[in-house]
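Visitor: could you work out the structure for the sequence below:
(one chain, ligands or ions: 1)
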Amino acid sequence: MSHISSLQDHDTLKRVEDQINILSGILEQGRKQLRFPGRLESKYIDQRNQRFMEIDHKMLIAGLVFYLGFSWTDFYLGAENGPLIFSLRVVITALAFLFVFWIPRSQYSRHMVTIAALGIFAIGFSVIGFIWLIPGEMKYAYHLGLIPIQIFTMVVLRLSYRSVLVVSVAILACYIVSLLLSHQTVSDPELQRLISIFIPMFIMFWALLIVMGSYMAFMMESSARSDFMKNRLLALEAERLQYLSGRLHVLSTTDSLTGIANRRFLEESLDTEWRRAKRSSMPLSLVMVDIDKFKDYNDLYGHQKGDECLRTLANKMAQYCNRPADLCARYGGEEFVMLLPETSRADAVWIVEKMRSAIEGMAITHEAADSGLVTISAGVASVIPDDSCTSDQLLSQADRLLYEAKAQGRNRVCG
Ligand SMILES: Nc1nc2c(ncn2[C@@H]2O[C@H](COP(=O)(O)OP(=O)(O)OP(=O)(O)O)[C@@H](O)[C@H]2O)c(=O)[nH]1
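Guide: Just a heads-up that it's a prediction; the model follows:
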């Protein structure tokens with residue numbers, strides 16, 4: 001992993017941990033949350049809208065069908081205004097249907113709950129209008145129509161207690177204003193007495209329903225928000241753990257000095273690639289690389305310069321492992337191993353020879369070496385794995401060939 005990507009990873013972890021701290025802080029306060037800070041609120045609104053679409057959208061459609069279904073009363077009770085009330089009901093239903101299907105697909109979909117609240121208010125307002133249009137005492141039957149609308153408000157908008165409260169109070173307020181403006185009296189004194197008792201009772205029952213409905217919505221919204229926070233916290237904790245386990249895996253498989261794979265990772269990869277090559281009957285090449293006279297280099301230039309040299313060479317060697325399954329690992333000390341799956345001996349020798357020459361070409365001074373420069377020796381072993389051999393034998397063969405390269409005078413590849 002490069003230094004830059006590890007910095008970016010660290011930023012990711014910090015961002016996740018910051019969010020965990022904010023959420024844990026809110027949860028620890030134990031207060032009921034009705035608005036989250038910043039982007040958390042818009043995430044919650046997205047989730048609430050999704051839920052609204054899954055359940056309440058269908059209820060809106062059912063409610064509208066029910067509203068339209070009551071058109072028979074318009075003709076039955078509306079007398080000469082019957083056709084007008086019916087036409088108004090049809091137009092309002094058609095407009096509402098248009099909104100119900102268009103809003104979720106439009107750019108206003110984020111505000112669907114608010115728009116639904118406005119729609120329910122409009123339906124309630126229309127019933128108050130119909131009360132004005134129904135002649136005589138029959139209009140009182142329409143007062144009852146406001147109660148299903150109140151119940152519908154409480155059910156459909158239950159996840160937004162503000163909407164329940166505002167829509168319910170607004171419809172009730174319009175109803176009371178309409179009563180005050182109409183000053184209607186009926187000729188039968190007995191009926192008038194009944195109505196003068198019925199209306200205040202009706203308003204009281206309605207107000208009670210609003211108080212209960214708003215409280216229920218308040219509890220449901222705060223519990224939905226608390227569930228949202230807990231789920232979000234769990235998701236963030238999972239993200240953090242995933243990051244940390246990934247980081248742990250990188251640390252446990254990376255050589256800390258050079259940043260390339262370590263011996264443990266090489267052994268895991270060798271095992272995997274061995275089995276893969278065996279299945280596909282493809283050649284697997286393994287290269288053992290050793291820096292020439294590295295002890296003298298350390299003695300001459302010091303251990304720190306030696307470390308620097310190891311890093312430079314490791315980087316260079318990694319550049320010759322181009323395919324996704326190729327691997328360059330530090331095997332120990334100044335020894336490296338390259339694993340080249342699906343690569344024949346000839347191809348592997350060709351790659352390693354190019355690498356050896358490139359390292360020599362880097363012209364790193366090494367006064368104790370015959371050439372005066374830092375060089376490498378390498379042994380290349382290849383096999384098409386089967387049951388007659390093991391990966392350890394492949395390693396031993398590469399090691400033997402490396403020593404042959406050393407014996408032949410160093411700065412060469414044997415394969
Ligand atoms: N600076 C540094 N040196 C290391 C490290 N690991 C191993 N070495 C040194 O690498 C040297 C390896 O020396 P030898 O195995 O004797 O071989 P050589 O001097 O390279 O000689 P040949 O292999 O025969 O060419 C030792 O002096 C180790 O101390 C390391 O992490 N950093």
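
Visitor: grab the nearest non-local neighbour of residue 330.
Guide: residue 255 (4.2 Å; Cβ to Cβ, 6 or more residues apart in numbering). Every C-beta, even on glycine, is put in place using the N, C-alpha and C of the backbone.

Visitor: OK, contacts around the one you found?
Guide: 261-262, 314, 329-330 (Cβ atoms under 8 Å, 6 or more residues apart in numbering).

Visitor: residue 307 contacts residue 297, doesn't it?
Guide: No: here residue 307 does not reach residue 297: they are 10.8 Å apart, not a contact under Cβ atoms under 8 Å.

Visitor: who touches both of those two?
Guide: By Cβ under 8 Å, 6+ apart, no residue touches both residue 307 and residue 297.

Visitor: of the two, who's got more company?
Guide: Under the criterion of other Cβ atoms under 10 Å, the comparison of residue 307 against residue 297 puts residue 297 first, with 24 against 13.

Visitor: please parse the chain into its domains.
Guide: 12-237, 263-414 (automatic domain parsing).

Visitor: need the distance between the two termini of the first one.
Guide: Here the two ends of domain 12-237 are set 13 Å apart, with distance taken as Cα to Cα, to the nearest Å.

Visitor: what average pLDDT does it get?
Guide: On average, the pLDDT along domain 12-237 is 92.

Visitor: any idea how far residue 415 is from the ligand?
Guide: 18 Å (Cβ to the nearest ligand atom, to the nearest Å).

Visitor: residue 367: neighbour count?
Guide: By other Cβ under 10 Å, neighbour count at residue 367 equals 10.

Visitor: please apply the same query to residue 70.
Guide: 14.

Visitor: quick check, the residue in the stretch 201-350 of the chain closest to the ligand?
Guide: Going by Cβ to the nearest ligand atom, the ligand is nearest to residue 306 of the stretch 201-350 of the chain, at 2.6 Å.

Visitor: which residue packs closest to that residue, ignoring adjacent ones?
Guide: residue 298 (4.2 Å).

Visitor: quick one, phi psi at the one you found?
Guide: phi -60, psi -50 (degrees, to the nearest 10).

Visitor: now do the contacts for residue 295.
Guide: Taking Cβ under 8 Å, 6+ apart as the definition, residue 295 has no contacts.

Visitor: distance of residue 58 from the ligand?
Guide: Distance from residue 58 to the ligand, by Cβ to the nearest ligand atom: 68 Å.

Visitor: name the element that residue belongs to?
Guide: If you go by DSSP states H and E, residue 58 is part of helix 57-69.

Visitor: try residue 11
Guide: Judged by DSSP H and E, residue 11 forms part of helix 3-29.

Visitor: how far does that helix sit from the chain's center?
Guide: 15 Å (Cα atoms, centre = their mean, to the nearest Å).

Visitor: and that helix, what other elements does it pack with?
Guide: Counting contacts by 3 or more Cβ pairs under 8 Å, 6 or more residues apart in numbering; DSSP states H and E, helix 3-29 is packed against helix 189-253.

Visitor: how distant is the helix it packs on from the center of its chain?
Guide: Centroid separation between helix 189-253 and its chain, computed with Cα atoms, centre = their mean, is 23 Å.
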